[in-house]
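*Asks:* Could you look at this predicted model? Sequence included:
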Amino acid sequence: MPTSATTLLRGIRQCPLPTGSKPIIVGVDDWALRKGRTYGTICVDLERRRPIDLLPDRSASTLAARLRRDPQVQVVARDRSTEYARGTAMGAPDAVQVADRWHLLLNTRQMVERWLARVHPRLKLLPAVAPSSPSIRRVTPYPRAPSEMLARAAARGRWEAAYDDVRRHHAEGHSLRRITRETGLARATVRKYAFAASFPRNGMREPKPSMLDPYL
């Protein structure tokens, strides 16, 4: 569009906000306008996964005033903040207050870390016991996290696109030196891709030993 970003933002801000269903399950948490200095509160419709408001501070009175505008709210998910607990009780006294999953995991991790730090000297005094050899032999690697699988799939897609690019340049009669210069790939990679009839795929390899194997 032949216009400036400022003009575009001005036009967007003049549009009316979309109207939707009233939230029933609301999540509240703090957000940083300036980290370490200025914080506010974000309110999210957890069923539709959409933010519904940004409040200027983290006080109980501000949250209570916002919740009074939505009397249909039945559940409020929050962290352990006493201000948010008091604000919810004031603004939505009939709503059920729950700790959200992220903060439950965070609090669990913090408590385990505190416990381990406290008993660390005693743990160091325990005798070292060599784990027994595993009775089960792994033939597949341990499963990866979903985020890691997505990252690997994205990386594979990029390499397949690079392979197609090299093959196209090579079919057009370009030299390996020129392809290397135009694609930015390593010369060894360009040579391998140029003469490979199909995208090189890694063969199935036996998984390497893991520290978890003795506990299979």
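*Replies:* Sure thing, it's come through.
*Asks:* What strand or helix carries the most centrally placed residue in the chain?
*Replies:* Nearest to the geometric centre of the chain sits Ser147, at 7.6 Å (C-alpha atoms, centre = their mean). Under the criterion of DSSP states H and E, Ser147 resides in helix 146-171.
*Asks:* Same question for the helix or strand just after that helix: list its buried residues.
*Replies:* Next along the chain after helix 146-171, taking DSSP H and E as the criterion, comes helix 176-183. By neighbour count on 16 or more other C-beta atoms under 10 Å, the buried set for helix 176-183 is Leu176, Ile179, Thr180. Every C-beta, even on glycine, is put in place using the N, C-alpha and C of the backbone.
*Asks:* The chain: helices as residue ranges?
*Replies:* Secondary structure of the chain (DSSP state H): helices at 5-14, 60-68, 82-91, 101-125, 146-171, 176-183, 187-194.
*Asks:* Make a markdown table from these and add distance to Gly27 to it.
*Replies:* Formatted as a markdown table, the helices of the chain follow (distance: least, C-beta to C-beta, whole Å):
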| stretch | distance to Gly27 |
| --- | --- |
| helix 5-14 | 25 |
| helix 60-68 | 12 |
| helix 82-91 | 10 |
| helix 101-125 | 10 |
| helix 146-171 | 21 |
| helix 176-183 | 46 |
| helix 187-194 | 46 |
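*Asks:* What's the per-residue pLDDT of the closest residue in space to Tyr193 that isn't next to it in sequence here?
*Replies:* Nearest residue to Tyr193, sequence neighbours excluded (C-beta to C-beta, 6 or more residues apart in numbering): Val166, at 4.0 Å. Listed pLDDT for Val166 reads 92.
*Asks:* From Leu176, how far out is Val166?
*Replies:* Val166 sits 9 Å away from Leu176, going by C-beta to C-beta, to the nearest Å.
*Asks:* And the chain, what are its domain boundaries?
*Replies:* 21-99, 155-195 (the TED database).
*Asks:* Which residues are in contact with Thr189?
*Replies:* Going by C-beta atoms under 8 Å, 6 or more residues apart in numbering, Thr189 touches Ala162, Val166.
*Asks:* Could you check how far it is from Arg158?
*Replies:* 12 Å.
*Asks:* likewise Asn202?
*Replies:* 16 Å.
*Asks:* out of those two, which sits in the busier spot?
*Replies:* Arg158 (9 against 5; other C-beta atoms under 10 Å).
*Asks:* which stretches of the chain have low pLDDT?
*Replies:* Applying pLDDT under 70 to the chain picks out residues 129-136, 203-205.
*Asks:* Repeat the analysis, applying 80 as the threshold.
*Replies:* 1, 17-20, 128-143, 201-208, 212-216 (pLDDT under 80).
*Asks:* Now find how far off-centre the helix holding Ser147 is within its chain.
*Replies:* Relative to its chain's centre, helix 146-171 lies at 23 Å (C-alpha atoms, centre = their mean, to the nearest Å).
*Asks:* Look up how far Ile179 lies from the residue lying farthest from the centre of the chain.
*Replies:* Distance from the C-alpha centroid of the chain peaks at Gly173, with 44.1 Å (C-alpha atoms, centre = their mean). For Gly173, the distance to Ile179 equals 11 Å [C-beta to C-beta].
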